[in-house]
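A.B. asks: My questions concern the predicted model and sequence given below.
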Amino acid sequence: MLVSGQERRPRIRTQGKAGAGNKEQADRGPRARMRKIMLDAAMRLMQGGVIPSVSDVAQTAQVSRATAYRYFPSQSALIQAAVAEALGPILAWTSASVDAEDRVTELVTFAYPRMESYEATLKAALRLALDQWARRHAGLFGDEAPMVRGHRIGLLNTAVSPLRSKLTRSGFERLTQSLSLVFGTEAFVVLKDIWGLDRKRAEEVALWTCRALIRAAVVEDGKAAARAPATAAKRKNGAPASGALLKTKKPIKLR
């Protein structure tokens with residue numbers, strides 16, 4: 001696993017309050033350009049199969065380590081920023097449709113081509129997350145900042161938002177959790193690397209699964225809603241609710 005080691009971070013002199021006042025202007029000018037140069041360097045390294053350290057990116061971008069650390073204080077921050085840069089248009093995705101299936105279809109067909117283009121970058125981030133997990137469980141993680149992954153949560157919540165008022169809270173959450181299994185880097189690993197599917201076929205399988213999950217969630221919550229009035233009527237007539245005998249502390253005598 002080509003994970004570049006974490007070297008000791010150099011000390012960086014901080015600017016005073018006078019410099020802080022120009023931060024917004026700097027972010028729109030040289031600072032933004034320098035950040036883009038380093039992100040481009042990081043993504044080139046990741047596309048080549050390497051998980052770069054901040055020093056690796058500094059060397060590739062031909063800037064000092066101190067400069068690189070001003071922008072990216074840790075390897076995790078660097079990799080997360082590179083992933084966000086790669087996914088850029090996907091993270092800004094929106095839909096005008098009011099149908100959940102249509103919205104999920106739009107998201108998958110829009111996202112999968114770009115995810116394939118930056119597949120190596122996304123897999124590098126996944127490998128770093130797995131490497132951190134292994135080191136953390138071995139007690140070797142130290143005070144390093146952990147990778148934070150979860151772009152898909154917001155995207156999927158947005159995609160199926162028309163169902164928020166139609167499903168129970170737990171049903172909506174279970175649906176988005178289920179959809180996350182077929183939308184992301186891990187899905188690419190399974191469908192492309194294990195099954196040997198090309199991107200188009202992987203996309204078709206993902207869409208079939210997403211639609212099946214959405215329809216199952218709607219049917220399941222619909223049945224639960226239909227059972228609710230019957231249960232309430234039984235309680236009103238004095239009959240025990242479903243499962244009440246299992247919760248009672250009194251022993252049940254069998255004759």
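C.D. replies: Yep, it's here. These figures come from a predicted structure and were not determined experimentally. Residues are numbered from 1 along each chain as shown.

A.B. asks: Outline the domain layout of this structure.
C.D. replies: As given by automatic domain parsing, the domain ranges for the chain are 29-73, 87-139+146-228.

A.B. asks: ranking those by burial, who's on top?
C.D. replies: domain 29-73 (a mean of 18; mean count of other C-beta atoms under 10 Å). For glycine as for every other residue, the C-beta is placed from the backbone atoms N, C-alpha and C.

A.B. asks: Span of that domain from start to end?
C.D. replies: 21 Å (C-alpha to C-alpha, to the nearest Å).

A.B. asks: Likewise for stretch 47-60?
C.D. replies: End to end - C-alpha to C-alpha - stretch 47-60 spans 14 Å.

A.B. asks: who touches Thr209 in this structure?
C.D. replies: Val182 (C-beta atoms under 8 Å, 6 or more residues apart in numbering).

A.B. asks: What of the one 4 residues further on?
C.D. replies: Contacts for Leu213 were tallied using C-beta under 8 Å, 6+ apart; they are Leu175, Ser178, Leu179.

A.B. asks: related to what we said a few turns ago, closest to Gln80 out of the domains of the chain?
C.D. replies: domain 87-139+146-228 (6.2 Å; C-beta to C-beta).

A.B. asks: Off-centre distance for the closest one?
C.D. replies: 8 Å (C-alpha atoms, centre = their mean, to the nearest Å).

A.B. asks: ranges for the strands of the chain?
C.D. replies: Secondary structure of the chain (DSSP state E): no strands located.

A.B. asks: tell me the centre residue of it?
C.D. replies: For the chain, Gly150 is the residue whose C-alpha lies nearest the centre (C-alpha atoms, centre = their mean; 2.5 Å).

A.B. asks: Give me the distance between that one and Leu107.
C.D. replies: Using C-beta to C-beta, to the nearest Å, we find Gly150 at a distance of 16 Å from Leu107.

A.B. asks: Tell me which stretches of the chain form helices.
C.D. replies: In chain order, the chain shows helices spanning 17-20, 23-27, 30-47, 54-61, 65-71, 75-91, 100-117, 119-137, 151-159, 169-179, 185-188, 199-236, 244-247, with DSSP state H as the criterion.

A.B. asks: Relative to the whole chain's centre, how far out is the fifth one?
C.D. replies: For helix 65-71, the distance from its own C-alpha centre to the chain's C-alpha centre is 27 Å (C-alpha atoms, centre = their mean).

A.B. asks: tell me what that helix is packed against?
C.D. replies: helix 30-47, helix 54-61 (3 or more C-beta pairs under 8 Å, 6 or more residues apart in numbering; DSSP states H and E).

A.B. asks: So for Ile214, which of these sits nearest?
C.D. replies: helix 30-47 (33.1 Å).

A.B. asks: Quick one: mean pLDDT for that closest one?
C.D. replies: Per-residue pLDDT over helix 30-47 has a mean of 93.

A.B. asks: which outside residues touch that helix?
C.D. replies: Helix 30-47 has contacts (C-beta under 8 Å, 6+ apart) with 23, 26, 52, 56-58, 60-61, 63, 67-68, 71-72, 78-79, 81-82, 85-86, 118, 120-121, 124-125.

A.B. asks: Measure how that helix sits relative to helix 54-61, angle-wise.
C.D. replies: Counting by axes from the mean of the first three to the mean of the last three C-alpha atoms, to 10 degrees, helix 30-47 lies at 100 degrees to helix 54-61.

A.B. asks: Helix 30-47: how far from the chain's middle?
C.D. replies: Distance, centroid of helix 30-47 to centroid of chain: 22 Å (C-alpha atoms, centre = their mean).

A.B. asks: If we ignore the residues flanking it in sequence, what's nearest Asp99?
C.D. replies: Excluding its sequence neighbours, the residue lying closest to Asp99 (C-beta to C-beta, 6 or more residues apart in numbering) is Pro162, at 6.5 Å.
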